[in-house]
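Novice: any chance you can model this:
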Amino acid sequence: MAHVRVNPGIDSWVTAHVGSNVRKVTEAVARDAMAHCPVDSGDTVESIRTYYPGKLRGVVIVGGAWRFIEYGTSPHWIDSHGPWSLRSDEGVYFGRRVWHPGTTANPFMRTALYRRRELDRSVVK
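Specialist: Numbering: from 1, shown residues only. The predicted structure follows:
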């Protein structure tokens, strides 16, 4: 039977060497997402943030209606949620119900996530 002994300093070594790559990749994904995010009002691109909930975890957060930009929408009805008519940002009034033709997907997050990245391998031997 083989006996395996774990180096007691392995946790700090992994955190020190791999943790820097986690931060680099997380920040790179956020930068690429911001660079490829289409800008209408700017709300989505301004909502992109990073945070690190653990030593070896990095998270990119995107707020707003990013999923409609990322995946697009099918044609659908839009109904007013009150006794007023709907209008465009330019001030054109449509009535209380309007048919929306849908939107084409613009996958800025998948583009950022699936991009091949180089890691710093100089410390891992």
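Novice: just checking, next helix/strand downstream of the strand or helix carrying Ile78?
Specialist: Element membership for Ile78 (DSSP states H and E) is strand 76-79. With elements assigned by DSSP H and E, the helix or strand that comes after strand 76-79 is strand 86-87.
Novice: so which elements touch that next one?
Specialist: Applying 3 or more CB pairs under 8 Å, 6 or more residues apart in numbering; DSSP states H and E, one finds that strand 86-87 contacts strand 93-95. In short, each C-beta sits where N, CA and C put it, glycine included.
Novice: strands paired with the strand it packs on, and their directions?
Specialist: In the sheet, strand 93-95 lines up against strand 86-87 (antiparallel) (DSSP bridges).
Novice: ok now the strand it pairs with, how far from the chain's centre?
Specialist: Chain-centre distance of strand 86-87: 30 Å, with CA atoms, centre = their mean, to the nearest Å.
Novice: average pLDDT for it, rounded please.
Specialist: Across strand 86-87, the average pLDDT comes to 92.
Novice: same question, stretch 25-44
Specialist: For stretch 25-44, mean pLDDT is 93.
Novice: can you list the residues that contact that stretch?
Specialist: Identification of contacts with stretch 25-44 by CB atoms under 8 Å, 6 or more residues apart in numbering yields 45, 48-50, 52, 58-60, 62-66, 69, 106, 108-109, 111-113, 115, 117, 119.
Novice: now swap in stretch 53-68 and tell me
Specialist: With contacts defined as CB under 8 Å, 6+ apart, stretch 53-68 is touched by 14-15, 18-19, 22-23, 25-27, 29-30, 33, 43-44, 47-52, 103, 109, 112.
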